[in-house]
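Trainee: Quick one, structure for this:
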Amino acid sequence: DMNVEALVLGIGNDFRCDDGVGVAVARRIAELRIVGIRVMIDVGDPGSVLDAWTDVPLVIAVDAARCDAAQPGRIRRWSPGCHAASAVVSSHGFGLAQTLSLGEALGRLPRRLVIFTVDVEDVSRQATLTPAVASIVPQVVEAILTELESDAWAARHRPPRGLSRPEKTFGSA
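Mentor: Predicted structure coming up:
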(Lines give C-alpha, C1' and ligand atoms only; values in the text may rest on other atoms or scores of the structure.)
Protein backbone atom coordinates (compact mmCIF):
# COMPACT_ATOMS: atom_id res chain seq x y z
CA ASP A 1 0.00 0.00 0.00
CA MET A 2 3.01 2.27 -0.39
CA ASN A 3 1.45 4.17 -3.28
CA VAL A 4 -1.81 5.12 -1.58
CA GLU A 5 -1.98 8.89 -1.88
CA ALA A 6 -5.43 9.28 -0.41
CA LEU A 7 -8.03 7.25 1.41
CA VAL A 8 -11.73 7.95 0.91
CA LEU A 9 -13.65 6.68 3.91
CA GLY A 10 -17.41 6.17 3.58
CA ILE A 11 -18.96 6.02 7.03
CA GLY A 12 -22.45 4.70 7.56
CA ASN A 13 -24.97 1.92 7.28
CA ASP A 14 -26.75 1.46 3.99
CA PHE A 15 -29.57 -0.46 5.69
CA ARG A 16 -30.59 2.66 7.59
CA CYS A 17 -31.86 4.94 4.85
CA ASP A 18 -29.94 8.27 4.74
CA ASP A 19 -27.32 6.93 7.15
CA GLY A 20 -25.93 5.18 4.06
CA VAL A 21 -24.96 8.41 2.27
CA GLY A 22 -21.26 8.05 3.12
CA VAL A 23 -21.30 4.49 1.80
CA ALA A 24 -23.08 5.57 -1.41
CA VAL A 25 -20.48 8.30 -2.05
CA ALA A 26 -17.57 5.94 -1.35
CA ARG A 27 -18.95 3.39 -3.81
CA ARG A 28 -19.18 6.06 -6.55
CA ILE A 29 -15.56 7.04 -5.92
CA ALA A 30 -14.53 3.35 -6.01
CA GLU A 31 -16.23 2.94 -9.41
CA LEU A 32 -13.98 5.68 -10.81
CA ARG A 33 -10.90 3.51 -10.10
CA ILE A 34 -8.56 6.44 -9.56
CA VAL A 35 -4.92 5.41 -9.32
CA GLY A 36 -3.49 6.01 -5.85
CA ILE A 37 -6.89 6.33 -4.18
CA ARG A 38 -8.05 3.68 -1.77
CA VAL A 39 -11.71 3.52 -0.84
CA MET A 40 -12.90 2.01 2.42
CA ILE A 41 -16.36 1.53 3.86
CA ASP A 42 -16.27 2.01 7.62
CA VAL A 43 -18.16 -0.76 9.35
CA GLY A 44 -17.75 0.77 12.81
CA ASP A 45 -14.40 -0.84 13.58
CA PRO A 46 -12.06 1.98 14.64
CA GLY A 47 -9.05 -0.36 14.65
CA SER A 48 -9.31 -1.08 10.94
CA VAL A 49 -9.83 2.61 10.19
CA LEU A 50 -6.68 3.53 12.14
CA ASP A 51 -4.75 0.81 10.29
CA ALA A 52 -6.01 2.08 6.94
CA TRP A 53 -5.27 5.76 7.46
CA THR A 54 -1.95 5.66 9.30
CA ASP A 55 0.72 7.37 7.13
CA VAL A 56 -1.73 8.17 4.33
CA PRO A 57 -1.12 11.76 3.13
CA LEU A 58 -4.80 12.66 2.82
CA VAL A 59 -7.94 11.09 4.24
CA ILE A 60 -11.38 12.25 3.14
CA ALA A 61 -14.25 10.94 5.24
CA VAL A 62 -17.94 11.19 4.35
CA ASP A 63 -20.57 10.82 7.04
CA ALA A 64 -24.26 11.43 7.64
CA ALA A 65 -25.08 14.28 10.00
CA ARG A 66 -28.07 14.60 12.26
CA CYS A 67 -28.69 17.73 14.25
CA ASP A 68 -31.68 19.77 15.30
CA ALA A 69 -31.29 22.32 12.54
CA ALA A 70 -30.67 19.69 9.85
CA GLN A 71 -31.38 20.73 6.27
CA PRO A 72 -31.56 17.41 4.42
CA GLY A 73 -29.00 17.34 1.63
CA ARG A 74 -26.82 20.16 3.03
CA ILE A 75 -23.14 19.37 2.54
CA ARG A 76 -20.58 20.71 5.00
CA ARG A 77 -16.80 20.45 4.95
CA TRP A 78 -14.87 20.17 8.20
CA SER A 79 -11.26 19.71 9.04
CA PRO A 80 -9.88 18.79 12.45
CA GLY A 81 -9.60 21.51 14.92
CA CYS A 82 -13.35 21.13 15.01
CA HIS A 83 -13.60 17.87 16.95
CA ALA A 84 -16.71 19.40 18.48
CA ALA A 85 -18.22 19.44 15.01
CA SER A 86 -17.64 15.77 14.32
CA ALA A 87 -18.91 14.89 17.80
CA VAL A 88 -22.16 16.69 17.08
CA VAL A 89 -22.72 15.48 13.57
CA SER A 90 -22.21 11.75 13.35
CA SER A 91 -25.41 9.75 13.26
CA HIS A 92 -23.87 6.53 14.62
CA GLY A 93 -22.81 5.01 17.90
CA PHE A 94 -19.04 4.79 17.48
CA GLY A 95 -18.52 7.75 15.22
CA LEU A 96 -15.64 9.52 13.60
CA ALA A 97 -15.08 11.70 16.67
CA GLN A 98 -14.26 8.66 18.78
CA THR A 99 -11.98 7.22 16.11
CA LEU A 100 -10.19 10.59 15.93
CA SER A 101 -9.76 10.73 19.70
CA LEU A 102 -8.39 7.20 19.70
CA GLY A 103 -6.04 7.99 16.79
CA GLU A 104 -4.83 11.08 18.60
CA ALA A 105 -4.15 9.11 21.77
CA LEU A 106 -2.24 6.45 19.83
CA GLY A 107 -0.41 8.92 17.61
CA ARG A 108 -2.08 7.44 14.53
CA LEU A 109 -3.83 10.30 12.82
CA PRO A 110 -3.71 10.84 9.06
CA ARG A 111 -1.40 13.62 7.90
CA ARG A 112 -4.41 15.55 6.61
CA LEU A 113 -8.06 14.84 7.21
CA VAL A 114 -11.06 16.44 5.53
CA ILE A 115 -14.58 15.48 6.57
CA PHE A 116 -17.69 16.00 4.47
CA THR A 117 -21.01 15.62 6.23
CA VAL A 118 -24.44 15.50 4.64
CA ASP A 119 -27.47 16.50 6.69
CA VAL A 120 -29.95 13.61 6.67
CA GLU A 121 -33.61 13.29 7.49
CA ASP A 122 -34.41 9.61 7.84
CA VAL A 123 -32.37 6.84 9.45
CA SER A 124 -35.13 4.27 9.70
CA ARG A 125 -34.57 0.69 8.59
CA GLN A 126 -34.84 0.90 4.86
CA ALA A 127 -32.19 0.36 2.25
CA THR A 128 -32.64 3.46 0.08
CA LEU A 129 -31.69 7.09 0.49
CA THR A 130 -34.42 9.74 0.62
CA PRO A 131 -34.68 11.84 -2.59
CA ALA A 132 -33.14 14.95 -0.97
CA VAL A 133 -30.06 13.02 0.13
CA ALA A 134 -29.77 10.78 -2.95
CA SER A 135 -29.79 13.82 -5.23
CA ILE A 136 -26.78 15.30 -3.42
CA VAL A 137 -24.49 12.26 -3.81
CA PRO A 138 -22.99 13.43 -7.15
CA GLN A 139 -22.16 16.82 -5.59
CA VAL A 140 -20.31 15.18 -2.71
CA VAL A 141 -18.41 13.03 -5.23
CA GLU A 142 -17.45 16.22 -7.13
CA ALA A 143 -16.35 17.92 -3.90
CA ILE A 144 -14.11 14.94 -3.11
CA LEU A 145 -12.60 14.90 -6.60
CA THR A 146 -11.87 18.62 -6.29
CA GLU A 147 -10.24 18.03 -2.90
CA LEU A 148 -8.09 15.23 -4.34
CA GLU A 149 -7.01 17.35 -7.28
CA SER A 150 -6.09 20.32 -5.16
CA ASP A 151 -4.10 18.10 -2.83
CA ALA A 152 -2.26 14.98 -3.94
CA TRP A 153 -1.77 15.65 -7.62
CA ALA A 154 -1.22 19.35 -7.20
CA ALA A 155 1.49 18.64 -4.63
CA ARG A 156 3.21 16.20 -6.96
CA HIS A 157 3.24 18.57 -9.91
CA ARG A 158 3.86 21.80 -8.08
CA PRO A 159 7.15 23.50 -8.94
CA PRO A 160 9.67 23.69 -6.08
CA ARG A 161 8.78 26.31 -3.52
CA GLY A 162 9.70 29.82 -4.53
CA LEU A 163 9.83 29.17 -8.26
CA SER A 164 6.12 29.42 -8.84
CA ARG A 165 5.75 32.99 -7.60
CA PRO A 166 6.55 35.90 -9.87
CA GLU A 167 9.41 38.04 -8.60
CA LYS A 168 8.16 40.83 -6.38
CA THR A 169 8.55 44.19 -8.09
CA PHE A 170 9.14 47.21 -5.93
CA GLY A 171 8.74 50.79 -7.01
CA SER A 172 12.01 52.73 -7.20
CA ALA A 173 12.99 53.97 -3.77
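
Trainee: Return the per-residue confidence for Asp42.
Mentor: With respect to pLDDT, Asp42 scores 82.

Trainee: Ala70 now?
Mentor: Looking at Ala70, its pLDDT is 80.

Trainee: Next, the contact list for it, please.
Mentor: Residues in contact with Ala70 (Cβ atoms under 8 Å, 6 or more residues apart in numbering) are Asp119, Val120, Glu121. Any C-beta I mention is one placed from the backbone N, CA and C, and that applies to glycine too.

Trainee: ok, the second one - how many residues close by?
Mentor: Number of residues near Val120 (other Cβ atoms under 10 Å) recorded here: 29.

Trainee: Renumber starting at 13 from here on
Mentor: Sure, I'll start counting at 13 from here, so that last one is Val132.

Trainee: In contact with it, which residues?
Mentor: Cys29, Asp30, Asp31, Val33, Ala76, Ala77, Arg78, Ala82, Pro84, Ser103, Thr142, Val145.

Trainee: so how far is Leu108 from the closest residue to Cys29 other than its chain neighbours?
Mentor: Among residues not flanking Cys29 along the chain, Asp134 sits closest, at 4.5 Å (Cβ to Cβ, 6 or more residues apart in numbering). Computed as Cβ to Cβ, to the nearest Å, the Asp134 to Leu108 distance reads 20 Å.

Trainee: So between these two, which is more surrounded?
Mentor: Neighbour totals were compared for Asp134 and Leu108, and Leu108 leads with 28 against 16 (other Cβ under 10 Å).

Trainee: Was I right to think that one contacts Ile127?
Mentor: Yes - Leu108 is within contact range of Ile127, at 6.6 Å (criterion: Cβ atoms under 8 Å).

Trainee: show me where pLDDT drops low in this structure?
Mentor: When residues are selected by pLDDT under 70, those of the chain lie in 13-14, 92-106, 163-185.

Trainee: would you turn the contacts of Val132 into JSON lines with secondary structure?
Mentor: Formatted as JSON lines, the contacts of Val132 follow (DSSP: H, G, I helix; E, B strand; the rest coil):
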{"residue": "Cys29", "secondary structure": "helix"}
{"residue": "Asp30", "secondary structure": "helix"}
{"residue": "Asp31", "secondary structure": "helix"}
{"residue": "Val33", "secondary structure": "helix"}
{"residue": "Ala76", "secondary structure": "strand"}
{"residue": "Ala77", "secondary structure": "strand"}
{"residue": "Arg78", "secondary structure": "coil"}
{"residue": "Ala82", "secondary structure": "coil"}
{"residue": "Pro84", "secondary structure": "coil"}
{"residue": "Ser103", "secondary structure": "coil"}
{"residue": "Thr142", "secondary structure": "coil"}
{"residue": "Val145", "secondary structure": "helix"}
